[in-house]
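Colleague: Give me coordinates for this.
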Amino acid sequence: MKRGGQPTEPKTEFYNGENTISKDVIHVIIQNDVTSIGHNAFRDRTSLETIVIPHTVTWIGDFAFYLCTSLKTITIPDSVTSIGVYAFRQCTSLTSIVIPNSVTTITYGAFNKCTGLTTVTIPNSVTSIEKNAFAECTSLTSIVIPDSVTSIEKNAFAECTSLTSIVIPDSVKSIGQHARDSSNHRTCSIS
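Modeller: Okay, the predicted model is just below:
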């Protein structure tokens, strides 16, 4: 891209855990001494495409990446034990997500309205999938719930209109109302 006839580099910024990141940032590198990504840290950064999260980060706050509509990929390291409420809500360019082995709960609305999401990997460390966790992920086609999960809350997979297969193990003792949108008339396997 050129500004005033001069070529410019894609905008990259460093995050130290406290600073405010520009609205037009494209790439973010989180410094190696950061242990948490605060609430709303990157909210509404609609130009943000990539972010590097170091293995020092253990916590991602509520709404941390909310409305980062250009975010294409993110690697959440195994050091992360908690992903906040609506942390990745409406990250519409995300196509896949791997939940790290250190996470036990997929929180309320964590990946809600990630309409480009086609693949989700849930590890055996997860025991609970909370309300709206993947609601309105309209490109998600299949999901396998691991044997470690005992609870799937209300609307967890509601309005996932492309979801054709969901495998729910015997370990799940509680499934909330509309955990899976019943109007879709798709296949649900309980193993």
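Colleague: quick one, what contacts the closest residue to P169 other than its chain neighbours?
Modeller: Nearest-residue entry for P169: D147, 4.7 Å, with adjacent residues in sequence omitted and distances by C-beta to C-beta, 6 or more residues apart in numbering. The way it works is simple: take the backbone N, C-alpha and C, and place the C-beta from them, glycine included. Counting by C-beta atoms under 8 Å, 6 or more residues apart in numbering, D147 makes contact with N124, P169, D170, S171.
Colleague: Tell me the one of the residues you listed nearest D33?
Modeller: Checking these against D33 by C-beta to C-beta gives N124 as the nearest, at 30.5 Å.
Colleague: Please give the element, helix or strand, for the closest one.
Modeller: For N124, there is no host helix or strand (DSSP states H and E).
Colleague: Test my guess that it contacts P169.
Modeller: No - using C-beta atoms under 8 Å, N124 is not in contact with P169, being 10.6 Å away.
Colleague: Those two - which one has more neighbours?
Modeller: Neighbour totals were compared for N124 and P169, and P169 leads with 15 against 10 (other C-beta atoms under 10 Å).
Colleague: Now for the contacts of D147: which two are most distant?
Modeller: Spatially, the most separated pair among the contacts of D147 is N124 and D170, at 14.6 Å (C-beta to C-beta).
Colleague: What is the neighbour count of Y86?
Modeller: 22.
Colleague: tell me what the helix or strand where I166 lies is packed against?
Modeller: If you go by DSSP H and E, I166 is part of strand 165-168. Under the contact criterion of 3 or more C-beta pairs under 8 Å, 6 or more residues apart in numbering; DSSP states H and E, strand 165-168 touches strand 142-144, strand 187-190.
Colleague: chain center to it: distance?
Modeller: Computed by C-alpha atoms, centre = their mean, to the nearest Å, the chain-centroid distance of strand 165-168 equals 19 Å.
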